[in-house]
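**Q** Quick one, structure for this:
(4 chains)
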Number of protein chains: 2
Amino acid sequence: MTAAANQSGRRPTTSRRLERAGIRDVAAAAGVSITTVSDALNGKGRLPDETRSRVREVAERLGYRPSAAARTLRTGRSGLIGLTVTTYGEEPFTFTEFAYFAEMARAATSAALGRGYALVVLPASSRHDVWGNIALDGTVVIDPPDQDPLVSELYRSGVPVVSDGKPGNCPVTAWVDNDHEAAVLGILDHLSEAGARRIGLLTGTSTDTYTRLSTEAYLGWCAKVGQEPVYETYPAHDPAAGAVAADRLLARPDRPDAVYGLFDPNGTDLLAAARRYGLRVPDDLLLVCCSESDVYAATEPPITTLSLKPRKIGTTVVNLLIDAIEGVDSGTGVDIARLFPPRFRTAGTGPPPGTLMPTELIVRASSQRRSPRTTVSPPRPPGEV
Amino acid sequence: MTAAANQSGRRPTTSRRLERAGIRDVAAAAGVSITTVSDALNGKGRLPDETRSRVREVAERLGYRPSAAARTLRTGRSGLIGLTVTTYGEEPFTFTEFAYFAEMARAATSAALGRGYALVVLPASSRHDVWGNIALDGTVVIDPPDQDPLVSELYRSGVPVVSDGKPGNCPVTAWVDNDHEAAVLGILDHLSEAGARRIGLLTGTSTDTYTRLSTEAYLGWCAKVGQEPVYETYPAHDPAAGAVAADRLLARPDRPDAVYGLFDPNGTDLLAAARRYGLRVPDDLLLVCCSESDVYAATEPPITTLSLKPRKIGTTVVNLLIDAIEGVDSGTGVDIARLFPPRFRTAGTGPPPGTLMPTELIVRASSQRRSPRTTVSPPRPPGEV
DNA sequence: CACTCATGGAGAAACGTATCTCCGCAGGCT
DNA sequence: AGCCTGCGGAGATACGTTTCTCCATGAGTG
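**A** Sure thing, here's the model as predicted:
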C-alpha cells in the first residue's frame, strides 16, 4: 500500500524466516522508509518526535540490532582501538612490569569504554595475518622499539597511533611517558638523605626506553656526586634471573648500602638475598623498587616503591588517541601541531605530541633509617568489619 | 583494452588520489577482473600459479590491504571474540583473582591469535552502547551470574558463548571450570595429613561459582569428619577487608591450627596476622592459599598455593569457542551435542558442554610440619647467569 | 565431425547501513 | 495569485568485499 510495501518487495532469495531483522524489515513494519528508520534511531534528520518514538518502538519489538560491520563499512569507523604490546619471546604480554601492564590496560579499557570505544589486544608479533583483518580506528602502542615497522605502517596508512613510552624514531601522533629521569633522581636523593653512602642499581639488559632512561639517569647522578656506579643487569623478562642478579649485587666486594631495583619482583628478591647475607633492612641496607603491587606494604619490613601511575597513563593515552581519531577527518599528512588546538580535555597543560606524567614514591620502612619502630608491631585487637 | 579497462571506468566521483587502493585498483593495474584478484589473494578459484603470483605482486606494490569491514559484512565473520568479565563495582576487571584473570586473558589472547582471531575486552556492564556496535563471532564469559541477561541475549541471537566457570542458568554453548570441590577436598586432606586438627577457611561473601562451590566443599568436609567449621567471610573485591578478616580468623577463641584462604592476597595477610599474634608458620599454623602469584615462593616461609591453572583454562575456553564458531554454519538452534563431532583437538576427552580442569597444589614449607629445614638457608655463592 | 569437459576468468548480485539529493505539500508573505 | 520557506520524508547510491553464475575456448573422444 504505502511506499513500504514495494520496498520490502525486494529480497528475492528463498524464504528465510530465521534471519535477524534488518533495517529494511523495521522500515516495512513501521510503514516508513529506510532513511527514516536510520534517522530516527541515530537521532539525526528532522523528524517529529512521534515518528521517532514509533520507529524506535517497532525496532525494539523486532529485536533489531544494527549491523556493526555495515555501519563500519559505511562510516569508516569501527569503534575499535588496538592495544599493542611489545612481546619478549613467545608470550603475548611482557612479563616484566606485569602489574604495570595489567593496570594500564585496565585503565585504558575503562577510559575507552567510557567514550564508546572497545579495546582489542594485539601483540606486535602477529603480522598481517590478523592485523590487517581488523578495522581499527587507532592504536595504542606500549613502548615501541626504535624504527618499529608496524607503527610506521600504521601511521602511514592513516591510523592514529599514540604510544606509551617515548618513541625512538617512530612517527606517532602523540606519546605519553613518565619522567623517568626525575623519578630516578628523586629516589637517589631520597636514599642519600636516609644516609646511603653507596647506592646500587638492579637494572635490565633490554634497550627499551624505561630501562635506558633510568640507567642513564643513575649513571649521570653517579658522575655528578662522584660515586662509583654499582649495578648489575639481567634479562628482565626472565623471572628467575632477577633473583640471581640480586644475589650477585649483594655479593660484590663493593657491596652497596642501598639498592634501587627497576623491576617489580626485585623487591622480594633483594629482601631474600639480604636475608641470606644476614643484612638487616633498613639498618644495613636501604631498599626501593619500582612496583605497582601492594604486596610490598605487607612485607617484613614494608618496602618503599615507585609507582609509574599506570592508571593515569592508560587513561591519558586513550584520551589522546580518541581525541586524534575524532578531532580531524582523516589524517592524511596533517601536521601534528594543528591536531588538537581547542578540544584538549586534560587541562590545557602539556605540549600535545609528548606528555610527561609524574611518578609517585610510596615511602615505607625499607628506605628510612629513622623509622619510629622497626620491630614487630604489637598485636592489634580484632577490629570491626 | 581488456575487460579491466571498463571496470575501472566507474568511480565517477572527484579525483581523490590519496585514497587507499581497493580491490578495483588492483584489478585494473593487473589487467584482470575483481573476481580474479579476490581468488588469487584468498587462494580460491582455479587459477594458474602465474596469474596468482602476478596479482599478488601487483597488490603488494600498490600496498593493497583488504577492508576488514567489507569482508566482515560479506562473510559474516569478523575474527573478533569478546572477552567479558563480570564487574564488581566500577572497575572493568575484577580485583579478586586478579592474577588469575590476567593469566587467563593472556592465554586466551594467545590461543585466539594462534587461530587467527583477536580478543576484545568488554565488561558486562556497558550495555548496548558498545556491545551492539561490535561484530563478534563469539564470546568468552568469565563467571557469568545466574540468569545473566547479556549471555541470554547473545546466545539467542546466535552468537556462540563459552563460559569460564560453570554457568547457573545461562544457556551457553559450552563451559570450562576447575574441579573446585576436588581441589578443596585435596587441600583439606593435605592439611590433615600434615597434622592439622582444626582447619579454618577464609572465604568471600559474593555468590560466584568459585566461592560458593569451594565453601560448600569445605562445609561438607567438616560435616563428614566431624569438625566444627571455622571460617570468616569478607567482600573479596575489597583489598583492605582481607587483612581484617585474616586477623579476625586468628583472633577467634577457637583459633584454627591451619587455614586455607580462597583469594590471592590471603597468603600475605594471614602471614602478617600470624606474625602479629606470635604464631610461627608452619609450626603453630599451617597455611595454604589460592594464588597464581609466585611471590609465595619467596616469602618467609614460602607458602603452599593452589593454582587454578588459568593458562589451561584460557586456552581451552578459546579453543572450544572457535570450534563452535567454525564448526557449524550459523547456530540456529542446532543441538549442542552434535556441535563438535570430529574436530575436537584437545584430545578426545571431555564431554563438550562442560569440561572440568584439574587444579595444581604447589606444596611449600607453610603446609609441612616435617620440613627439612625451616631456618634461613646458608648464603649461596653468586652463581653463573 | 559433433560432443563433452576442463580450464581460465568475467559479470553481477548481494551484505546492511548512512547519507546526499530531491520532492511534495502547506501556510504565510508580497 | 504567485512565491518562498520549512517540514517530513522517500530514492538512490556508495562503502569494498566475496561468491554464485555463467561464458568462451581449446583439447580430447565417440
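**Q** what residue ranges in the stretch 101-250 of chain A are flagged as low confidence?
**A** A:126-128 (pLDDT under 70).
**Q** Of all residues in it, which one is closest to DNA strand D?
**A** Relative to DNA strand D, the nearest point of the stretch 101-250 of chain A is residue A:133 (9.2 Å; CB to the nearest atom of the strand). Backbone N, C-alpha and C define where each C-beta goes, glycine included.
**Q** Go through stretch A:131-140 and flag the buried ones.
**A** Within stretch A:131-140, the residues that count as buried by 16 or more other CB atoms under 10 Å in any protein chain shown are A:131-140.
**Q** again with stretch A:154-171
**A** For stretch A:154-171, the neighbour count (16+ other CB under 10 Å) marks A:154-155, A:159-167, A:170 as buried.
**Q** Does chain B have contacts with it?
**A** Yes: counting by CB under 8 Å from any CB of the partner chain, contacts between stretch A:154-171 and chain B involve A:157-158.
**Q** where's residue A:43 relative to residue A:137, distance?
**A** Noted for residue A:43: a distance of 21 Å to residue A:137, by CB to CB, to the nearest Å.
**Q** Endpoints of stretch A:273-280, how far apart?
**A** One end of stretch A:273-280 sits 11 Å from the other (CA to CA, to the nearest Å).
**Q** Which positions in that stretch come out as buried?
**A** Residues of stretch A:273-280 classed as buried: A:273-276, A:279 (neighbour count, 16+ other CB under 10 Å).
**Q** can you tell me which of these are in helices?
**A** Residues of these located in helices (DSSP state H): A:273-276.
**Q** residue ranges for the helices of chain A, please.
**A** Using DSSP H, helices in chain A cover A:3-7, A:23-30, A:34-42, A:49-62, A:68-75, A:98-114, A:128-131, A:149-156, A:180-193, A:209-225, A:239-251, A:266-276, A:310-327.
**Q** Distance from the chain centre to the shortest one, please.
**A** Remark: helix A:128-131 is offset 22 Å from the chain centroid, using CA atoms, centre = their mean, to the nearest Å.
**Q** So which of the buried residues of stretch A:131-140 belong to strands?
**A** Applying DSSP state E to these, the entries found in strands are A:138-140.
**Q** JSON lines for those, including distance to residue B:221?
**A** Compiled in JSON lines, these are given as follows (distance: CB to CB, whole Å):
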{"residue": "A:138", "distance to residue B:221": "53"}
{"residue": "A:139", "distance to residue B:221": "51"}
{"residue": "A:140", "distance to residue B:221": "47"}
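**Q** Near DNA strand C, list only the ones from those residues.
**A** Near DNA strand C, judged by CB under 7 Å from any atom of the strand, there are no entries from those.
**Q** Could you tell me how many residues sit around whichever residue of chain A sits closest to DNA strand C?
**A** Using CB to the nearest atom of the strand, residue A:23 is the residue of chain A that sits closest to DNA strand C, at 3.0 Å. Residue A:23 is flanked by 17 other residues according to other CB atoms under 10 Å in any protein chain shown.
**Q** Please name the nearest non-neighbouring residue to residue A:120.
**A** Using CB to CB, 6 or more residues apart in numbering or on different chains and skipping the chain neighbours, the partner closest in space to residue A:120 is residue B:120 (4.3 Å).
**Q** Enumerate the residues of the stretch 51-200 of chain A near DNA strand D.
**A** Counting by CB under 7 Å from any atom of the strand, the residues of the stretch 51-200 of chain A near DNA strand D are A:51, A:70, A:73-74.
**Q** so which of these are also by chain B?
**A** Okay, of those touching chain B (CB under 8 Å from any CB), that's A:70, A:73.
**Q** most neighbours, which of the residues of the stretch 51-200 of chain A next to DNA strand D?
**A** residue A:73 (19 neighbours).
**Q** which residues touch it?
**A** Each residue near residue A:73 by CB atoms under 8 Å, 6 or more residues apart in numbering or on different chains is listed here: B:67, B:69-70, B:72-73.
**Q** which parts of the stretch 101-250 of chain A sit against chain B?
**A** Going by CB under 8 Å from any CB, the residues of the stretch 101-250 of chain A near chain B are A:102, A:105-106, A:109-110, A:113, A:116-123, A:126, A:128-130, A:132-135, A:157-158, A:234, A:239, A:241, A:243-244, A:247-248.
**Q** from the residues you listed, which would you call buried?
**A** The buried subset of these (16+ other CB under 10 Å) comprises A:102, A:105-106, A:109-110, A:113, A:117-123, A:126, A:130, A:132-135, A:234, A:239, A:241, A:243-244, A:247-248.
**Q** if I look at residue A:224, how far off is residue A:218?
**A** 11 Å.
**Q** Quick check: residues of the stretch 51-200 of chain A near DNA strand C?
**A** A:64-67, A:70-71, A:73-75.
**Q** Just the closest of those to residue B:354, please.
**A** Set against residue B:354, the nearest of these by CB to CB is residue A:65 (29.1 Å).
**Q** On the pLDDT front, check the residue of the stretch 1-150 of chain A found nearest DNA strand D for me.
**A** Going by CB to the nearest atom of the strand, DNA strand D is nearest to residue A:33 of the stretch 1-150 of chain A, at 2.9 Å. At residue A:33, the model reports a pLDDT of 94.
**Q** so what's residue A:190 up against?
**A** A:288, A:304, A:361, A:363, A:367.
**Q** try 10 Å
**A** A:196, A:258, A:260, A:286, A:288, A:304, A:306, A:361, A:363, A:367-368 (CB atoms under 10 Å, 6 or more residues apart in numbering or on different chains).
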